[in-house]
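Colleague: Based on what follows, work out the 3D shape:
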Amino acid sequence: MRRVRSAARGRPRLPARLSPRRVRVFAFLGLLGPGLIAANAGNDAGGIATYSSAGAKYGYSTIWIMVLITVSLGIVQLLAARMGVVTGKGLAELIREEYGIRWSVLATTAVLIANVGICISDFVGIGAAVGLTGVPAQVSVPLAALAIWLIIVRGSYRSAEKTFIWFTIPFFAYPIAAILAHPRWGDVGNAIVIPHIHTSSAYLLLLIALAGTTITPYMQLYLQSAVVERGVREDELPHEEREAVLGAVFANVIASFIIIATAATLYTHGIHSISSAADAARALTPFAGQYAEALFGIGLLGASLLAAAILPIATSYVVSESLGYEKGVGRRREEAPVFVNIITAMILFSAFVAMIPDVPVISLLVGVQVVNGLLLPINLFFIWRLARSHHVMGQHRNHGFLDGAAGITVVITSTLSVVLVLVTIAGL
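Modeller: Here you go, the predicted structure:
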């Protein structure tokens, strides 16, 4: 039986007697929400490093794959948002109810392991971004961890969501950095519409990595649970679906600009190896000026802050939903002890590890990549099955062309993910 929503909840209404200019501002902000936050959280420190590597190593020739990935991500986010609105339940809760506790525990365990690893890398990204100004990670990381904890635990869901949306503003630094790099826009346009495929195994692996870093499990888990907590009503479903799709488009346009910026500078000057997003920022300076480095660093900081905030929330959502505990951003410890304790412990542990000198970030990301690669097919399968279930979704169930496109997305993405896992394990 589906949960009945209160008519008092949902997207906030505009206050009376607003000036036309303020009405336009509120209307624009109404387009922003969980879809934008979830998609941009995927552009974290590891994602930026992957996009930078793609641009440095192969120039513009990987941009065409971003078009296909955008379609896939848009479909997955749309389905997650739709399930959240219609059922009023997070993905982990639906898996537990429809398929049993064993599958729920399996997904929860994998999410916990993978998300802790990614969260550590994002706190490392915060330290690296601020470190471009000479401030050590031992100063910046604890301050960032405290700020994130206060936003999540001491604020309300609405205030936290607004803050997360502000965290997406630094992403606009990447288009500016790309413009400063003076790319050949004709070549960019050509790369978008005409696939440029290299026959090397390294190129194939990079394409798989691009898909894997763009469509990650915690994004959909957060999105569906956040839509539920936001209290979106069924009559607002079309608006929420559009926001989810537009969020995917915005995030991947930003990712494409990262590829363009590094392709126009590093690739054209023979620098083909990038080990981190911070390295990419430093390498831009000789070719696009110090402002390009600063912009790249600002983007990295915003991306890392957003992901470091979303990951503990997504993890706590999953654990709480799987085990049936109270949940909610802004809940006090006495109201939702498990939810708050998981967030607190994850932030503390991740920040502590990130401050350790010479922490092996690359090895960490490789291990996380394997866990995420195994988890993604499971998550996508459940999203697809649940979204097309009449029992779960009623008249809003997935069918026709969208169901076919979702099925194809699941098969292709899952296949690429498994291939990446096998190749990664073989190379260890």
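Colleague: Tell me how many other residues crowd Ile197.
Modeller: Neighbour count for Ile197, taken as other CB atoms under 10 Å: 12. All C-beta atoms are positioned from the backbone trio N, CA, C, and that covers glycine.
Colleague: Actually, Ala405.
Modeller: There are 15 residues near Ala405, going by other CB under 10 Å.
Colleague: doesn't Val76 make contact with it?
Modeller: No: the criterion here is CB atoms under 8 Å, and Ala405 misses it with Val76 at 10.4 Å.
Colleague: The closest residue to Ile65 other than its chain neighbours: which element?
Modeller: Take Ile65 and drop its neighbours on the chain: the residue closest to it by CB to CB, 6 or more residues apart in numbering is Leu207, 5.4 Å away. Per DSSP states H and E, Leu207 falls inside helix 201-214.
Colleague: Quick one: residues in contact with that helix.
Modeller: Outside helix 201-214, the residues that touch it by CB atoms under 8 Å, 6 or more residues apart in numbering are 42, 46-47, 50-51, 53-54, 57-58, 62, 65-66, 69, 72-73, 197, 251-252, 255, 369, 372-373, 376, 413, 416-417, 419-420, 423.
Colleague: Need the mean per-residue confidence for that helix.
Modeller: In this model, helix 201-214 carries a mean pLDDT of 80.
Colleague: For it, output the C-alpha coordinates as PDB.
Modeller: Taking C-alpha atoms only, helix 201-214 is exported to PDB below (Å, rounded to 0.1, in the frame of the first residue of the first chain):
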ATOM      1  CA  SER A 201      42.600  -0.700 -24.400                       C
ATOM      2  CA  ALA A 202      43.500   2.400 -22.400                       C
ATOM      3  CA  TYR A 203      41.000   4.400 -24.400                       C
ATOM      4  CA  LEU A 204      38.300   1.800 -23.800                       C
ATOM      5  CA  LEU A 205      39.000   1.800 -20.100                       C
ATOM      6  CA  LEU A 206      38.800   5.500 -20.000                       C
ATOM      7  CA  LEU A 207      35.400   5.500 -21.600                       C
ATOM      8  CA  ILE A 208      34.200   3.000 -19.100                       C
ATOM      9  CA  ALA A 209      35.700   5.100 -16.300                       C
ATOM     10  CA  LEU A 210      33.800   8.200 -17.600                       C
ATOM     11  CA  ALA A 211      30.500   6.300 -17.500                       C
ATOM     12  CA  GLY A 212      31.300   4.900 -14.000                       C
ATOM     13  CA  THR A 213      32.300   8.200 -12.500                       C
ATOM     14  CA  THR A 214      29.300  10.000 -13.900                       C
END
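Colleague: What helices and strands are in contact with whatever helix or strand comes next after it?
Modeller: Next along the chain after helix 201-214, taking DSSP H and E as the criterion, comes helix 217-230. Counting contacts by 3 or more CB pairs under 8 Å, 6 or more residues apart in numbering; DSSP states H and E, helix 217-230 packs against helix 34-41, helix 63-87, helix 91-99, helix 101-131, helix 157-167, helix 290-323, helix 361-387.
Colleague: Which of these has the highest mean neighbour count?
Modeller: helix 34-41 (a mean of 29; mean count of other CB atoms under 10 Å).
Colleague: helices and strands around it, which ones?
Modeller: helix 63-87, helix 157-167, helix 217-230, helix 237-265, helix 290-323.
Colleague: want to try TSV for those, with distance to Pro142 as columns?
Modeller: Shown next, in TSV, are the helices and strands packed on helix 34-41 (distance: least, CB to CB, whole Å):
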stretch	distance to Pro142
helix 63-87	33
helix 157-167	19
helix 217-230	23
helix 237-265	28
helix 290-323	12
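Colleague: Of all those, which one comes closest to Val329?
Modeller: helix 157-167 (4.4 Å; CB to CB).
Colleague: and the helix or strand following that closest one, average pLDDT?
Modeller: With elements assigned by DSSP H and E, the helix or strand that comes after helix 157-167 is helix 173-180. Summarised as a single mean, pLDDT over helix 173-180 is 88.
Colleague: and the direction of helix 173-180 versus that of helix 290-323, what angle?
Modeller: Inter-element angle recorded for helix 173-180 and helix 290-323: 150 degrees (by axes from the mean of the first three to the mean of the last three CA atoms, to 10 degrees).
Colleague: Dump the C-alpha coordinates for helix 173-180 into PDB.
Modeller: This file holds the C-alpha atoms of helix 173-180, laid out as PDB (Å, rounded to 0.1, in the frame of the first residue of the first chain):
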ATOM      1  CA  ALA A 173      34.300  28.200 -12.900                       C
ATOM      2  CA  TYR A 174      34.900  25.300 -15.400                       C
ATOM      3  CA  PRO A 175      33.200  26.900 -18.400                       C
ATOM      4  CA  ILE A 176      35.200  30.100 -17.700                       C
ATOM      5  CA  ALA A 177      38.400  28.100 -17.400                       C
ATOM      6  CA  ALA A 178      37.600  26.400 -20.700                       C
ATOM      7  CA  ILE A 179      37.000  29.800 -22.400                       C
ATOM      8  CA  LEU A 180      40.400  31.100 -21.000                       C
END
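Colleague: Could you pull up the residues touching Ser156?
Modeller: Ser156 neighbours (CB under 8 Å, 6+ apart): Val329, Gly330.
Colleague: So which bits of the helix holding Leu207 are buried?
Modeller: For helix 201-214, the neighbour count (16 or more other CB atoms under 10 Å) marks Tyr203, Leu204, Leu205, Leu206, Leu207, Ile208, Ala209, Leu210, Ala211, Gly212, Thr213, Thr214 as buried.
Colleague: ok, those residues vs Met355, which is closest?
Modeller: Thr213 (24.4 Å).
Colleague: For the stretch 151-300 of the chain, give me the ranges with low pLDDT.
Modeller: Counting by pLDDT under 70, the ranges of the stretch 151-300 of the chain that qualify are 277, 287-288.
Colleague: In terms of pLDDT, where does Arg21 sit?
Modeller: Reported pLDDT for Arg21: 52.
Colleague: rewinding a little: export the helices and strands packed on helix 217-230 as JSON lines, with columns for distance to Gly394.
Modeller: Output for the helices and strands packed on helix 217-230, formatted as JSON lines (distance: least, CB to CB, whole Å):
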{"stretch": "helix 34-41", "distance to Gly394": "22"}
{"stretch": "helix 63-87", "distance to Gly394": "7"}
{"stretch": "helix 91-99", "distance to Gly394": "14"}
{"stretch": "helix 101-131", "distance to Gly394": "22"}
{"stretch": "helix 157-167", "distance to Gly394": "26"}
{"stretch": "helix 290-323", "distance to Gly394": "21"}
{"stretch": "helix 361-387", "distance to Gly394": "12"}
